[in-house]
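**Q** Sequence and computational prediction follow.
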Amino acid sequence: MRFCPHCGARMDVPQSLVVEYWQAELALFLCYCSACQWQGEIVNQVRVVVSELEEEGES
Ligand SMILES: [Zn+2]
């Protein structure tokens with residue numbers, strides 16, 4: 001979360017607030033934008049992608 005989803009302003013300013021917390025496998029961002037006064041919750045479903053890398057032998 002670097003930018004406000006509402007107005008696109010930067011969220012990494014001291015006046016804005018982003019709180020990240022987890023609920024099961026959901027990442028929730030509680031946001032307040034000082035630029036547009038928007039506040040809300042953003043839910044990100046985090047997919048854990050497990051990819052098996054084949055070991056390439058040098059031959
Ligand atoms: Zn905003």
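**A** Ah, there it is.

**Q** Which residue, neighbours along the chain excluded, lies closest to residue 15?
**A** residue 34 (3.5 Å; CB to CB, 6 or more residues apart in numbering). C-beta here means a position set from N, CA and C on the backbone, and glycine is covered the same way.

**Q** burial count for that neighbour?
**A** 16 (other CB atoms under 10 Å).

**Q** ok, now which ones touch it?
**A** The contact partners of residue 34, taken as CB atoms under 8 Å, 6 or more residues apart in numbering, are 9, 13, 15, 16.

**Q** go with 7 Å
**A** For residue 34, the residues meeting the contact criterion (CB atoms under 7 Å, 6 or more residues apart in numbering) are 13, 15, 16.

**Q** Next, find the distance separating the first one from the ion.
**A** Put plainly, it is residue 13. Taking CB to the ion, to the nearest Å as the measure, residue 13 and the ion are separated by 11 Å.

**Q** For that residue, give me the pLDDT.
**A** Residue 13 is assigned 94 on the pLDDT scale.

**Q** hang on, the earlier thing: can you pull the pLDDT of the residue nearest to residue 15?
**A** At residue 34, the predicted lDDT confidence score is 96.

**Q** Ok, the one 4 residues further on next?
**A** The pLDDT attached to residue 38 in the predicted structure is 95.

**Q** Run through the strands of the chain in chain order.
**A** In the chain, strands defined by DSSP state E lie at 17-23, 26-32, 39-45, listed in chain order.

**Q** Quick one: name the residues of the protein near the ion.
**A** Counting by CB under 5 Å from the ion, the chain comes close to the ion at 4, 6, 7, 9, 33, 35, 36, 38.

**Q** Buried among these? Make that a PyMOL selection.
**A** Applying 16 or more other CB atoms under 10 Å to the residues of the chain next to the ion, the buried members can be selected in PyMOL as follows:
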select buried, resi 4+33
